[in-house]
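**Student:** kindly return the folded structure for what I paste below:
(2 chains)
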Amino acid sequence: MIQLIRGFKDILPGEVELWQFIEKQTTSLFEDFGFKDIRIPIMERTELFSRSIGEETDIVEKEMYTFADRKGDLITLRPEATASIVRSYIQHRLYATDPVQKLYTIGPMFRRERPQKGRYRQFYQIDAEVFGVSSPLMDAQIMFMLMTLFTRLSVTDCTAKINSLGCPDCRPAFATGLSQLLSAKADSLCEDCSRRSAKNPLRVLDCKVPACKEAMTDAPSILDYLCSDCRSHFDSVMRHLTILGVSFELDKCLVRGLDYYTRTAFEIQTSLLGAQSAIAGGGRYDGLVKALGGPDIPAIGFAIGIDRLAEIAALNHPNLSRKPKVFIAALGETSQTLAFEWASKLASAGIHAEMDMAGRSLKSQMKQADRLGAAHVLIAGDAELEKGQALLRNMATKDQVPVPVKDLVEEMQSRFA
RNA sequence: GUGGGUGUAGCUCAGUUGGCAGAGCACCGGGUUGUGGCCCCGGUUGUCGAGGGUUCAAGCCCCUUCACUCACCCCA
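**Tutor:** Purely as a prediction, here's the structure:
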């Protein structure tokens, strides 16, 4: 038996309806906020990701699916969507007609990590990006949009955390302060944190090892180092979140893993998924468009993990699978031919119709109809057909009435209207 | 990449000191020659994850390996 690749998964009927529901809610809500769908490829030149995400990050260092194609060019299965959208924005000069572009996309991402609950090697994200707006109003609005989506999906068991990461003007001062503390405390840090100290000092702040937490109690807060522009931006984001009634927690240890983030960073966390607490995360990345060769245009965006979201939403949406309106039960060959014709025409007229094609007993056809959850069964028996009728049974009430079979499609349409 | 747990029917799982491969559910048929759910009767379903070893004999013991899973790391 050939099995699917480790860390990959099938989304089977029964589960996929929830995914469709999530996607429908998402597109309808996002489009009400002015976002437009953009379809981007799932592979890009490796360089795009290493330059945007950061050479030193775990994603680029050890998690990307990178291959040489037949010509020898290095290409990578996208580990996230932002880089591609930025590339597309620049390449097609979308800023030329209007620098303000609100874009979203839904699709698979790939990271070669060890799989566990809520973490797959092919996973799905809903990704939204806004270009050309530096105002903190946008930061607040997209967080509001995100929380609104979760509310519509009845996902309430989650918390929004926010922080500011400063900008190239003020972050270096903080980094210096932090580095000094880290080297002073170097002896008491865990192995991971010694490594982080050099590579990604901010990460040490949210280490779970007690000794590290202890060592970090008097660590400087990034918020104390923010320049006045970043400070007022951040205050404004919080003020406008409050205006919209979005509750949030300020988390000065919140750090995003990707190099390109500036200022606002946020994450939606849940306690329902074991160790994988983040179901959405994002932030502002004002320097990335320029860094990738475009004009100096600010941007902000976020990604939602659909796999994780679906797992939580499934708790509130047990069964969304579509049930047939009518099951046509045939008795004998003549009857089966009629059932075949009716079932086909009903379906093409937009009425979900099913039948049995194996010529089974009425009893087993009734069973099958029941299993499919059919609302009605149309029984095409000889005695009724001779009178130009068939029996329409309501499966819930067991009421059974004769209906004329002439113009059956119209007959059903008017009955089910 | 590191560590723990688990692999037996489609699913959930029993399987004794090593001695014929099991149950419940599901599925199919019948009880009802034309009526679902409840009930009763019967039936189908196995590379016991894979490979090797010990033994008269291995689902069970030993070695190797793979997969799944949870956690670390990191992230959605």
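**Student:** ok and the residue in the stretch 151-300 of chain A nearest RNA strand B?
**Tutor:** residue A:257 (1.5 Å; Cβ to the nearest atom of the strand). (C-beta placed from N, C-alpha, C; glycine too.)
**Student:** which ones are touching that residue?
**Tutor:** Contact analysis of residue A:257 by Cβ atoms under 8 Å, 6 or more residues apart in numbering lists A:57-59.
**Student:** you'd agree it is in a helix?
**Tutor:** No - going by DSSP: H, G, I helix; E, B strand; the rest coil, the assignment for residue A:257 is coil, not a helix.
**Student:** residue A:2 versus that one, what's the distance?
**Tutor:** Counting by Cβ to Cβ, to the nearest Å, the gap from residue A:257 to residue A:2 is 34 Å.
**Student:** which of the contacts of residue A:257 are close to RNA strand B?
**Tutor:** Counting by Cβ under 7 Å from any atom of the strand, A:57-59 from the contacts of residue A:257 sit close to RNA strand B.
**Student:** what subset of the residues you listed is buried?
**Tutor:** A:57, A:59 (16 or more other Cβ atoms under 10 Å).
**Student:** now, among the ones next to RNA strand B among the contacts of residue A:257, which is nearest to RNA strand B?
**Tutor:** Using Cβ to the nearest atom of the strand, these come closest to RNA strand B at residue A:58, 3.9 Å.
**Student:** who's in contact with the closest one?
**Tutor:** Here residue A:58 is in contact with residue A:257 (Cβ under 8 Å, 6+ apart).
**Student:** the helices in the stretch 301-417 of chain A, which residues?
**Tutor:** A:306-313, A:333-348, A:362-372, A:382-386, A:408-416 (DSSP state H, counting those that start in this stretch).
**Student:** ok, the second one near RNA strand B or not?
**Tutor:** No - Helix A:333-348 stays out of contact with RNA strand B when judged by Cβ under 7 Å from any atom of the strand, the minimum separation being 9.0 Å.
**Student:** mind listing what's buried along that helix?
**Tutor:** For helix A:333-348, by 16+ other Cβ under 10 Å, it's A:335-336, A:338-339, A:342-343, A:346-347.
**Student:** and these, which two are furthest apart?
**Tutor:** A:335 and A:347 (18.3 Å; Cβ to Cβ).
**Student:** apart from its neighbours in sequence, what residue is nearest residue A:88?
**Tutor:** Using Cβ to Cβ, 6 or more residues apart in numbering and skipping the chain neighbours, the partner closest in space to residue A:88 is residue A:40 (5.7 Å).
**Student:** output the buried residues of helix A:333-348 in JSON lines, with pLDDT appended to each entry.
**Tutor:** Shown next, in JSON lines, are these (pLDDT from 0 to 100):
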{"residue": "A:335", "pLDDT": "92"}
{"residue": "A:336", "pLDDT": "92"}
{"residue": "A:338", "pLDDT": "94"}
{"residue": "A:339", "pLDDT": "94"}
{"residue": "A:342", "pLDDT": "96"}
{"residue": "A:343", "pLDDT": "96"}
{"residue": "A:346", "pLDDT": "96"}
{"residue": "A:347", "pLDDT": "96"}
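**Student:** I'd like those residues laid out as a markdown table, including distance to residue A:112.
**Tutor:** Shown next, in a markdown table, are the buried residues of helix A:333-348 (distance: Cβ to Cβ, whole Å):
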| residue | distance to residue A:112 |
| --- | --- |
| A:335 | 56 |
| A:336 | 52 |
| A:338 | 56 |
| A:339 | 51 |
| A:342 | 52 |
| A:343 | 47 |
| A:346 | 48 |
| A:347 | 43 |
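**Student:** and those residues, which is closest to RNA strand B?
**Tutor:** residue A:335 (9.0 Å).
**Student:** low-confidence stretches in the stretch 101-250 of chain A?
**Tutor:** Judged by pLDDT under 70, the stretch 101-250 of chain A has its weakly predicted residues at A:208, A:210.
**Student:** separation between the residue lying closest to residue A:63 once chain neighbours are set aside and residue A:10?
**Tutor:** Using Cβ to Cβ, 6+ apart and skipping the chain neighbours, the partner closest in space to residue A:63 is residue A:111 (4.3 Å). Distance, residue A:111 to residue A:10, using Cβ to Cβ: 19 Å.
**Student:** more neighbours, those two?
**Tutor:** residue A:111 (20 against 7; other Cβ atoms under 10 Å).
**Student:** so what does the more buried one look like in phi/psi?
**Tutor:** When read as degrees, to the nearest 10, the backbone of residue A:111 gives phi -140, psi 130.
**Student:** check contacts around it.
**Tutor:** Residue A:111 neighbours (Cβ under 8 Å, 6+ apart): A:59, A:63-65, A:79, A:121, A:123.
**Student:** tell me the contacts of residue A:252?
**Tutor:** Per Cβ under 8 Å, 6+ apart, neighbours of residue A:252: A:163, A:205, A:221-223.
**Student:** give me the element it is part of.
**Tutor:** Using DSSP states H and E, residue A:252 falls within no helix or strand.
**Student:** what's the closest non-adjacent residue to it?
**Tutor:** Here the residue nearest residue A:252, using Cβ to Cβ, 6+ apart, is residue A:221, at 4.8 Å.
**Student:** what about the one you found, how many neighbours?
**Tutor:** Neighbour tally, residue A:221, other Cβ under 10 Å: 14.
**Student:** and for residue A:156?
**Tutor:** Neighbours around residue A:156, by other Cβ under 10 Å: 11.
**Student:** contact partners for residue A:193?
**Tutor:** Residue A:193 neighbours (Cβ under 8 Å, 6+ apart): A:203-204, A:207, A:209, A:212.
**Student:** and the stretch 101-250 of chain A, which residues reach RNA strand B?
**Tutor:** A:111, A:113-120, A:123, A:125, A:192, A:196, A:203, A:207-209.
**Student:** among those, which lie within strands?
**Tutor:** Those of these mapping onto strands are A:123, A:125, per DSSP state E.
**Student:** are any of the residues of the stretch 101-250 of chain A next to RNA strand B buried, and which?
**Tutor:** A:111, A:118-120, A:123, A:125, A:196, A:203, A:207.
**Student:** using the three-state scheme, assign the residue lying closest to residue A:261 once chain neighbours are set aside.
**Tutor:** Leaving aside its sequence neighbours, residue A:261 sits nearest to residue A:283 (Cβ to Cβ, 6+ apart; 4.5 Å). Look at residue A:283: counting by three-state DSSP, its state is strand.
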